[in-house]
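# Fold the following and give me the result.
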Amino acid sequence: MRRVVPRPRPRGLPAVYAAVAYAGAARSALLAHKERGALRLARPLGTALAAGVRVCGHGGERVVLVPVPSARGAVVRRGHDPVRRLALVAAERLRRGGIRAELLPVLRQRRAVADQAGLSAVARQRNVSGALEVVRCGALRLRAPGCRVVLVDDVLTTGASLAEAARAVRAAGCRGGLAAAVVAAPRDAFEAGRACPLP
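Numbering: from 1, shown residues only. This next block holds a predicted model:
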């Protein structure tokens, strides 16, 4: 488990921790779960995500996992929301390990975004800028004292989606600790993250 840093680093991106490099078996498993409905892979992938959340630190606070939402059309096409499913498993694993954790899927897309595949880092940031918001009832829960908000996603590519999620959560009034965890990230993000110590 390491801190990962995409280059260039998007403005507002919190510290991000990843379990593995997005290559080989990890890449195959994530794609099978996400795009081909291999739901049996949710448990090992969610367990890896939980390891990333543990490294984020919580200091005894309640950990609130906020998944980056998939586009509605993608959820319909896939038949499930892969990140939300992984976050649910991660929350369960954390609770079994004695950490007060809950899933809080309070982010939603307020406007459509283009498919990020093939876009440059700058184009991805423009694509998702202002695209997310916190649902009204979710803002109160994010502002609750004694909670550590951890944004979760399956893969870190450029960090644009996580930076936008962080912006939306902060705009909703979250003032507590904020971090992010992913299952996988590119190898070069691990290299850049070596200079960043674990908490």
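# CA atoms for contacts and neighbours, from now on please.
OK.
# which SS class is Arg168?
Careful, residue 168 is Ala; it's not Arg. Classification of Ala168 by DSSP: H, G, I helix; E, B strand; the rest coil places it in helix.
# Model confidence at the closest residue to it other than its chain neighbours, what's the number?
Leaving out its chain neighbours, the residue that sits closest to Ala168 by CA to CA, 6 or more residues apart in numbering is Glu133, at 5.2 Å. Per-residue confidence at Glu133 stands at 93 (pLDDT).
# Confirm Glu133 sits in a strand?
Yes. Counting by three-state DSSP, Glu133 falls inside a strand.
# Quick check: it vs Ala112, distance?
Using CA to CA, to the nearest Å, we find Glu133 at a distance of 12 Å from Ala112.
# More neighbours: which of these two?
Legend: neighbour count by other CA atoms under 10 Å for Glu133 and Ala112, higher for Glu133 (22 against 13).
# so who does the residue nearest to Ala168 touch?
The contact partners of Glu133, taken as CA atoms under 8 Å, 6 or more residues apart in numbering, are 107-110, 165, 168-169, 172.
# Dump those residues into TSV; add pLDDT as well.
What follows is the contacts of Glu133, written out as TSV (pLDDT from 0 to 100):
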residue	pLDDT
Leu107	94
Arg108	92
Gln109	90
Arg110	90
Ala165	95
Ala168	94
Val169	93
Ala172	90
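# Filter the residues you listed down to the buried ones.
107-109, 165, 168-169, 172 (16 or more other CA atoms under 10 Å).
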